[in-house]
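J.: Sequence isn't available, so here's the structure alone:
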């Protein structure tokens, strides 16, 4: 099954392997939804600052909603918490969908549970990156966010929905292949992979790092 390859250096593009890597650092991550305002660090159960995300427990600590930071890592730039949350959720999505290809014989309940976690992360990825884009004025970076959001809409959410409802791994794999063959989807995955590198580099330059410290 072909999937997209994501990296933090902007060199990722679609390939024909069965595993996705990347997000902001190529590592599985945890996190939750941000509130309005600064964005909120993942790891609290307070819906105003962020809940425990799909795919694992939060990292702990609560955020100052006026800055989106936590302790010595506070930032006055409202862009940063939203971008960090976006990469946290993208990493969760990648980890959850990679788990499906790592174990092609997993039972239906486990498959659907990974799918549900991936779906939550996919939806939050779009939410957070959409908010981050509101604070971007540079045309190239804004276009990169557009590409990421299109990838989220055309590939991430439908793929996760497939996993959340598939009867077994074979049905999921066949559905994922058919998804990639749909008009515009393969191109969106390749463009999204490149865009993730652009957004990650921009976030490092603007915020000091591409994910929550």
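T.: Received it, and whenever you're ready, just let me know what you need. Computed from a predicted structure; not experimentally measured.
J.: Helices of the protein, start to end?
T.: 79-102, 108-133, 139-151, 157-165, 169-180, 185-207 (DSSP state H).
J.: Those: which one's closest to residue 213?
T.: helix 79-102 (8.7 Å; C-beta to C-beta). Using the backbone N, CA and C atoms, a C-beta is placed for each residue, glycine as well.
J.: Low-confidence regions, the protein specifically.
T.: Within the chain, the stretches with pLDDT under 70 are 1-74.
J.: of all the helices of the chain, which gets the most neighbours per residue?
T.: helix 79-102 (a mean of 26; mean count of other C-beta atoms under 10 Å).
J.: what residues are up against residue 99?
T.: Contact analysis of residue 99 by C-beta atoms under 8 Å, 6 or more residues apart in numbering lists residue 114.
J.: Residue 75 reaches residue 206, doesn't it?
T.: No - with contact defined as C-beta atoms under 8 Å, residue 75 does not reach residue 206; the gap is 9.5 Å.
J.: Find the nearest non-adjacent residue to residue 129, please.
T.: Counting by C-beta to C-beta, 6 or more residues apart in numbering, residue 86 is the residue found nearest to residue 129 once chain neighbours are left out, at 4.0 Å.
J.: Please determine how far the one you found is located from residue 135.
T.: Per C-beta to C-beta, to the nearest Å, residue 86 is found 12 Å from residue 135.
J.: so what's the residue nearest to residue 129 up against?
T.: 125, 128, 129, 132.
J.: got it, and residue 163?
T.: Taking C-beta under 8 Å, 6+ apart as the criterion, residue 163 is in contact with 96, 97, 100, 111, 112, 114, 115, 118, 119, 172.
J.: now the contacts of residue 86 as TSV including distance to residue 177?
T.: Shown next, in TSV, are these (distance: C-beta to C-beta, whole Å):
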residue	distance to residue 177
125	22
128	29
129	26
132	32
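J.: tell me which of the residues you listed is nearest to residue 195?
T.: For those, the nearest to residue 195 is residue 129 (9.8 Å; C-beta to C-beta).
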